[in-house]
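Asks: Give the three-dimensional model of this entry:
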Amino acid sequence: MRALRVLQLVRRSPAVRVATRGMNANFSEDVVLSHHAVKSLDGLRPEVDDAAFIAPNATIIGDVRLARGSSVFYGSILRGDVNHIEIGEGTNIQDGVIIHVAKLNAKGIEMPTIIGNMVTVGHGAILHACTLEDECMVGIGAKVLDGAVVERHAIVAAGAVVPPGKVVRSGEVWAGAPARKVRDVTDAERSYFITSATNYMEIAEQHYSAWRRQ
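Replies: Residues are numbered from 1 along each chain as shown. Down below sits the predicted model:
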């Protein structure tokens with residue numbers, strides 16, 4: 001319930017934004033503000049909700065969609081060139097994360113990167129042409145590769161490498177390289193998915209406020 005209240009607050013106020021201040025979501029010009037870049041590529045323009053936070057020195061390129069309450073922290077790169085990237089509501093992309101896509105797989109199927117609502121992606125993770133469902137978690141330095149799926153309420157542990165095409169099932173924790181199931185998610189961890197996302201929404205507001213004062 002606390003997360004829902006925060007999302008409602010964000011919907012009422014543009015408090016969590018940096019790059020998009022004063023602009024429509026579908027802006028027509030390249031924008032570079034506070035040393036971060038939100039840039040079009042070959043006519044593909046990022047769509048950034050007014051209530052999304054983009055930290056200085058983060059880079060958002062091409063066909064990327066950031067939903068309300070989402071956050072992209074320092075040094076992250078989201079490159080939507082040969083396919084699109086979608087980031088859902090209340091999802092946090094922490095410092096130094098790289099998100100990219102693939103055009104097609106061997107069967108000719110498109111390979112975007114889709115990230116759902118209230119997802120936590122830890123520092124330095126790499127996501128490539130994969131899907132993260134709502135309320136899951138990818139740990140620090142983990143990698144999720146082409147065609148892999150992390151289902152709702154699943155955890156990819158820090159440093160894990162989820163191979164192409166693998167499915168991390170709901171309620172499972174995967175670790176290792178290559179990653180495999182090591183145990184089930186605990187009740188405490190299950191309740192923490194929303195807590196983690198909510199905490200980062202508040203952190204994003206804190207950072208936005210700090211940059212406004214400078």
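Asks: Name the residues that touch the helix or strand hosting residue 80?
Replies: Using DSSP states H and E, residue 80 maps to strand 77-87. With CB atoms under 8 Å, 6 or more residues apart in numbering as the test, strand 77-87 has contacts from 41-42, 44, 46, 52, 58-67, 70, 72, 93, 97-103, 110-115, 129. The way it works is simple: take the backbone N, C-alpha and C, and place the C-beta from them, glycine included.
Asks: and it, which strands flank it?
Replies: strand 59-66 (parallel), strand 98-100 (parallel), strand 113-115 (parallel) (DSSP bridges).
Asks: Out of these, flag the one nearest residue 205.
Replies: In this view, these are compared for proximity to residue 205 by CB to CB, and strand 59-66 is the closest at 15.5 Å.
Asks: next SSE after the closest one?
Replies: Next in sequence after strand 59-66, counting helices and strands by DSSP H and E, comes strand 71-72.
Asks: all helices of the chain, in order?
Replies: 2-12, 187-212 (DSSP state H).
Asks: in this protein, which segments are predicted with low confidence?
Replies: For the chain, residues meeting the criterion pLDDT under 70 lie at 1-36.
Asks: which residue is nearest the middle of the protein?
Replies: residue 93 (4.2 Å; CA atoms, centre = their mean).
Asks: Contact partners for it?
Replies: Per CB under 8 Å, 6+ apart, neighbours of residue 93: 70-73, 76, 78, 87, 99, 115, 121.
Asks: Now with 7 Å, please.
Replies: Shown in contact with residue 93 (CB atoms under 7 Å, 6 or more residues apart in numbering): 71-73, 76, 87, 121.
Asks: repeat for residue 131
Replies: Residue 131 touches 114, 149, counting by CB under 7 Å, 6+ apart.
Asks: now do the one 4 residues further on
Replies: Taking CB under 7 Å, 6+ apart as the criterion, residue 135 is in contact with 118-119, 152-153, 193-194.
Asks: for residue 72, same thing?
Replies: 54-55, 58, 60, 66, 78, 93.
Asks: switch to 8 Å and redo it
Replies: Contacts of residue 72 by CB under 8 Å, 6+ apart are 52-55, 58, 60, 66, 78, 87, 93, 97.
Asks: if I look at the nearest residue to residue 41 once chain neighbours are set aside, how far off is residue 109?
Replies: Computed as CB to CB, 6 or more residues apart in numbering, the closest residue to residue 41 that is not its neighbour in sequence is residue 62, at 3.9 Å. Remark: distance between residue 62 and residue 109 (CB to CB, to the nearest Å) = 20 Å.
Asks: do residue 201 as well
Replies: Taking CB to CB, one finds residue 201 at 33 Å from residue 109.
Asks: if you count what's nearby, which of those two comes out ahead?
Replies: A count of neighbours by other CB atoms under 10 Å puts residue 201 above the other of residue 201 and residue 109, at 27 against 9.
Asks: so the more buried one sits right up against residue 52, yeah?
Replies: No: between residue 201 and residue 52 there is no contact under CB atoms under 8 Å: 10.5 Å.
Asks: one step back: and the furthest pair within the contacts of residue 93?
Replies: 73 and 87 (12.3 Å).
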